[in-house]
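Trainee: My questions concern the predicted model and sequence given below.
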Amino acid sequence: MKIVSACLAGIPCRWDGKAKPCQQILQLVENQEAIPLCPEELWWLTTPREQAEIQQDGSVKTINGNDVTEKYLAGAQKVLELAKLMWCREVIFKSKSPSCGCGKIFDGTFSETLIAGDGICTKLLKDNHIKVITEENLQ
């Protein structure tokens, strides 16, 4: 069983209240091969919510300067717990997200500038030997 970003499965849970459906992800969920989760919603972040990015110091702040690091860490921990319960070895997450980004994330300036890095949840999963890819890496 795989975990996939809920927004890729058509669930409107992104910060802007929208989804980013991906046909391959929709098919995995429909075939009961994947479970959609949103790390940000798992720890009481509302939808819609203020746009957030990882800062240079590793904290997560919203565009208005609110520190939401603890909520992002708590949501990531919940995803890890669920992944372990499900014996999940692969996750497909939304690219560039402060939670789910894998390999590239926004730089924390809210200027849409990308830098090398992983989202909070992705990093935790990788640190626990769970493979993470994004919808951009699907065949």
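Mentor: Yep, that arrived.
Trainee: Alpha carbons of the longest helix seen in the chain, as CSV, please.
Mentor: Longest helix in the chain by number of residues (criterion: DSSP state H): helix 69-85. Extracted C-alpha coordinates of helix 69-85, given in CSV (Å, rounded to 0.1, in the frame of the first residue of the first chain):
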residue,chain,number,x,y,z
THR,A,69,6.7,24.7,12.4
GLU,A,70,5.2,22.6,15.3
LYS,A,71,2.0,21.8,13.3
TYR,A,72,4.0,20.7,10.3
LEU,A,73,6.3,18.5,12.4
ALA,A,74,3.2,17.0,14.2
GLY,A,75,1.5,16.3,10.9
ALA,A,76,4.6,14.7,9.5
GLN,A,77,4.9,12.5,12.6
LYS,A,78,1.3,11.3,12.1
VAL,A,79,2.0,10.4,8.5
LEU,A,80,5.1,8.4,9.6
GLU,A,81,3.1,6.6,12.3
LEU,A,82,0.4,5.6,9.7
ALA,A,83,3.1,4.6,7.1
LYS,A,84,4.7,2.3,9.7
LEU,A,85,1.3,0.8,10.6
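Trainee: Name the next helix or strand downstream of that helix, please.
Mentor: Using DSSP states H and E, the next helix or strand after helix 69-85 towards the C-terminus is strand 90-93.
Trainee: contacting residues around that next one?
Mentor: Residues from elsewhere that reach strand 90-93 (Cβ atoms under 8 Å, 6 or more residues apart in numbering): 2-5, 8, 25, 28, 34, 79, 83, 99-102, 119, 121-122, 125, 130-135, 138. Every C-beta, even on glycine, is put in place using the N, C-alpha and C of the backbone.
Trainee: same thing with stretch 32-43?
Mentor: Here stretch 32-43 makes contact (Cβ under 8 Å, 6+ apart) with 1-9, 11, 13, 15, 25, 28-29, 47, 49, 71-72, 74-76, 78-79, 82, 86, 92, 99-100, 120-121.
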